[in-house]
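Visitor: could you look at this predicted model? Sequence included:
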Amino acid sequence: MKRKSSAQKVEHTKATKADTTVSNITNSEPHVPQLQNHAQKNISNKDKLSFQNLEKSNSEPKLDKEKKKKTEPTTFPVVESSLGPQTTAPISNNENVTPIPDSAKQIDDNKSTKAYVEPEYKFPTSVTPKACSFSDLGLGAWLIEALKAVEIKSPTETQRASIKPIIEGKDVISCAKTGSGKTAAFALPILHKLAQDPYGVFALVLSPTRELAIQIGEQFTVFGKSINLKISVIVGGLDMVDQALSLNARPHIVIATPGRLADHIKSNSDVINFNKVKFLVLDEADRLLTDSFAPDMSVILEKLPKEKQTLMFTATISESIYQYYLRKKDANIDPFVHICQDNIRTVDTLSQLYMLVPSYVKDGYLVQLLLKPEYEDISIIIFTNMCRTAESVNIMLRHLGFKSNSLHSKMSQHERLNSINLFKAQNTKILVTTGVASRGLDIPSVELVVNFDTPSDADEYIHRVGRTARIGRSGSAITIMTERDEERILSIENRIGKKLDEIKVSEKEVVVILSKVIAARRVATMNLIDKSFGEKDRIRKKKVKRAKRLAA
């Protein structure tokens, strides 16, 4: 297919209204916002992201009648392949495997790939900090010893820029590439200040996902081991009574997802005293300051004192973050702002590729890609846009003999933790997941990220591919592009400021294994039907709709 000019394909909508949560962070008298209909709001598309949007696939365009015409079946010989003896059979419904048309393979090398133009966010100019040591940043000797114990020898750019202002008592907004050490950038100065005057609750850290919250808790535990740090991780899917007891024990640091912490506050407002909180940290702030989190964030912010340091860390700046900055300026408080000035939003050690395939044989190309010798013994994360797709692809791969596991929001918290732990321990080599793993998940061994579904949002792409090539390591990201994904790929290229290189998989090799791949996918589909995958959610949504109708 001919890929059109990005200027014709990509439009960036400017935001005109900040998220209501921002005012709650800055106002002295926070209130619970009355959320309006999305149709009444004029905010940017990326500020409307939610878990549901991340896992929602594009509606597929209808094929015209000519494309639906069936061809006559053909007899295929039995051949040997990486998956054993195979009959190169038609795909389904007597449709033969058709090679990608030449027109679809033509990529205009002269097409425009202008660097993504950032919206008019007038932040102070960020200066790249000079190289220095952790001791130069003012951290205590005990923290430097803790860093040496985990072989962290020198600070990254975002750590060099943020640690000293946090120690000095300033609010901080930090935007840096994924895998640049943002968690340590706020954890280290918080622990440094805590050691000088230990009490609980000293800091509240909010995260958009359970997995990221748990990971932040693990890093705090490692860094604070020598001062007997007490932390409490409050996320959904775990026992609320145990969590309430943990909160009542007055931990030094509380790390939470907004939904579960708001549930605790609403069920028992005295469960924890946040009156003396010194730090509020919003990790992945662009996600937390969106409509989907607004009600829960309002409940939490009402319990926090006015006098506190607010630290925002993100890989992508949103309108809501900018509105927070403007409100602070209007109050004559200038937060320290550090924004990576590099137009390329992904790290240099990341190889970014795309693979152009027909949509109806996407499974076959994925499997053949995974069979390449260079990918046999490495850790791989495969991203999909929907929970059902993630589970189905995982079952298909396991049926074909791959060591894989899934991770998505339809799993219980125990299942999610078990899946991550197996992958971290390299007991499984492939993790098939949705957007729940795209932010903050730090697994150093990941060498390849595959976008089985092209993300609809370019910022989501940045977060996905950021799971590899972390903190100086190398890695690869391959996006499987179908005939329906041209605009999305152009948007991604414009956002990251560079073109993706093409990687090719032999069509003949795909044809050889296709019959077995199709059979495995059918097994996966039947498996999902047998265990009524997603049925509980469908029933719950029906009940909610029915309750709303009755209430009306």
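Guide: All right, it came through fine.

Visitor: my guess is residue 494 contacts residue 458, does it?
Guide: Yes - contact between residue 494 and residue 458 holds when scored by C-beta atoms under 8 Å: they sit 7.4 Å apart. Heads up, the C-betas are built off the backbone N, CA and C, glycines and all.

Visitor: tell me the centre residue of this structure?
Guide: Nearest to the mean C-alpha position of the chain, counting by C-alpha atoms, centre = their mean, stands residue 438 at 2.3 Å.

Visitor: check that one and give its pLDDT.
Guide: What the model reports for residue 438 is a pLDDT of 84.

Visitor: quick one: residues contacting it.
Guide: 54, 383, 460, 463-464, 466-467 (C-beta atoms under 8 Å, 6 or more residues apart in numbering).

Visitor: which of the residues you listed has the largest number of neighbours?
Guide: residue 383 (29 neighbours; other C-beta atoms under 10 Å).

Visitor: contacts only, for it.
Guide: Neighbours of residue 383 in contact, by C-beta under 8 Å, 6+ apart: 433-435, 437-438, 449-453, 455, 464.

Visitor: quick check: chain neighbours aside, which residue is closest to residue 289?
Guide: Leaving out its chain neighbours, the residue that sits closest to residue 289 by C-beta to C-beta, 6 or more residues apart in numbering is residue 320, at 3.6 Å.

Visitor: distance check, the nearest residue to residue 137 once chain neighbours are set aside against residue 285.
Guide: Among residues not flanking residue 137 along the chain, residue 163 sits closest, at 4.5 Å (C-beta to C-beta, 6+ apart). The gap separating residue 163 from residue 285 is 18 Å, by C-beta to C-beta, to the nearest Å.

Visitor: next one: residue 421
Guide: In terms of C-beta to C-beta, residue 421 sits 28 Å off from residue 285.

Visitor: between the two, which one's more packed in?
Guide: residue 285 (27 against 12).

Visitor: now do the contacts for that one.
Guide: If you count contacts by C-beta under 8 Å, 6+ apart, then residue 285 has 173, 312-314, 318, 321 around it.

Visitor: which helix or strand in this protein has the lowest average pLDDT?
Guide: Across the helices and strands of the chain, mean confidence by mean pLDDT, DSSP states H and E is lowest for helix 51-54: a mean of 33.

Visitor: you'd agree residue 478 is up against residue 372?
Guide: No - with contact defined as C-beta under 8 Å, residue 478 does not count as touching residue 372 (10.4 Å).

Visitor: look at the two and report which has more neighbours.
Guide: residue 478 (25 against 12).

Visitor: and that one, which helix or strand is it part of?
Guide: Using DSSP states H and E, residue 478 sits in strand 475-481.

Visitor: tell me the pLDDT at residue 340?
Guide: pLDDT at residue 340 comes out at 79.

Visitor: the one 5 residues further on now?
Guide: pLDDT recorded at residue 345 is 66.

Visitor: against residue 450, how distant is residue 175?
Guide: On the measure of C-beta to C-beta, residue 175 and residue 450 end up 27 Å apart.

Visitor: got it, and residue 426?
Guide: Taken as C-beta to C-beta, the span from residue 426 to residue 450 is 17 Å.

Visitor: neighbour count: the two, which is higher?
Guide: For the pair residue 426 and residue 450, the greater number of neighbours falls to residue 450 (23 against 13), based on other C-beta under 10 Å.

Visitor: ok but the more buried one is inside a helix, no?
Guide: No - looking at residue 450 with DSSP: H, G, I helix; E, B strand; the rest coil, it is strand, so not inside a helix.

Visitor: quick one: it and residue 380 touch, right?
Guide: Yes - with contact defined as C-beta under 8 Å, residue 450 and residue 380 form a contacting pair (6.4 Å).

Visitor: and the strands in the stretch 51-200 of the chain?
Guide: In the stretch 51-200 of the chain, the strands defined using DSSP state E, counting those that start in this stretch lie at 78-81, 84-87, 172-175.

Visitor: who does the last one touch, helix- and strand-wise?
Guide: Going back to what we said before, that points to strand 172-175. With contacts taken as 3 or more C-beta pairs under 8 Å, 6 or more residues apart in numbering; DSSP states H and E, strand 172-175 sits against helix 157-167, helix 182-196, strand 309-314, helix 319-330, strand 336-339.

Visitor: dump the residue contacts of residue 313.
Guide: Per C-beta under 8 Å, 6+ apart, neighbours of residue 313: 158, 162, 174, 176, 182-183, 185-186, 281-285.

Visitor: of these, which one scores lowest on pLDDT?
Guide: Lowest confidence among the contacts of residue 313: residue 176, with 87.

Visitor: relative to residue 324, how far out is the nearest residue to it once chain neighbours are set aside?
Guide: In this structure, residue 176 finds its nearest non-sequential neighbour in residue 158, 3.9 Å apart by C-beta to C-beta, 6+ apart. Look at residue 158 and residue 324: by C-beta to C-beta, they are 19 Å apart.

Visitor: so which of the two has more stuff around it?
Guide: Higher neighbour count among residue 158 and residue 324: residue 324, with 26 against 23, using other C-beta under 10 Å.

Visitor: just to check, that one is in contact with residue 282?
Guide: No - using C-beta under 8 Å, residue 324 is not in contact with residue 282, being 9.2 Å away.

Visitor: what do these two both touch?
Guide: Joint contacts of residue 324 and residue 282 (C-beta under 8 Å, 6+ apart) are 289, 312.

Visitor: pretty sure residue 451 sits against residue 485.
Guide: No - using C-beta under 8 Å, residue 451 makes no contact with residue 485, being 9.5 Å away.

Visitor: show me the contacts for residue 296.
Guide: Residue 296 sits in contact with 258-259, 261-262, where contact means C-beta under 8 Å, 6+ apart.

Visitor: test my guess that residue 200 contacts residue 252.
Guide: Yes - when contacts are counted by C-beta under 8 Å, residue 200 is listed as touching residue 252 (4.9 Å).

Visitor: what is in contact with these two at once?
Guide: By C-beta under 8 Å, 6+ apart, the residues touching both residue 200 and residue 252 are residue 230.

Visitor: strand partners (parallel or antiparallel) of the strand holding residue 478?
Guide: strand 350-356 (parallel), strand 446-451 (parallel) (DSSP bridges).

Visitor: looking at those strands, which is closest to residue 277?
Guide: Nearest to residue 277 among those is strand 446-451; the distance by C-beta to C-beta comes to 34.3 Å.

Visitor: outside of the closest one, which residues touch it?
Guide: Contacts for strand 446-451 (C-beta under 8 Å, 6+ apart): 366, 369, 375, 378-383, 461, 464-465, 467-468, 470, 474-480.

Visitor: after it, next one along is what?
Guide: Following strand 446-451 toward the C-terminus (DSSP H and E): helix 458-465.

Visitor: quick one: average pLDDT of that next one?
Guide: 91.

Visitor: hmm, who's touching that helix?
Guide: So helix 458-465 is contacted by 46, 49, 54, 116, 178, 286, 315-316, 345-346, 350, 352, 383, 435, 438-439, 449, 451, 454-455, 477, 479, 491-492, 494-496 (C-beta under 8 Å, 6+ apart).

Visitor: switch to 6 Å and redo it
Guide: Contact with helix 458-465 is made by 46, 316, 345-346, 383, 438-439, 449, 455, 477, 491-492, 495, as judged by C-beta atoms under 6 Å, 6 or more residues apart in numbering.

Visitor: any idea how far whichever strand or helix holds residue 389 is from the middle of the chain?
Guide: Using DSSP H and E, residue 389 sits in helix 387-399. Remark: helix 387-399 is offset 19 Å from the chain centroid, using C-alpha atoms, centre = their mean, to the nearest Å.

Visitor: and stretch 528-542, by the same measure?
Guide: Distance, centroid of stretch 528-542 to centroid of chain: 25 Å (C-alpha atoms, centre = their mean).

Visitor: cool, and stretch 194-207?
Guide: That offset, for stretch 194-207, works out to 26 Å (C-alpha atoms, centre = their mean).
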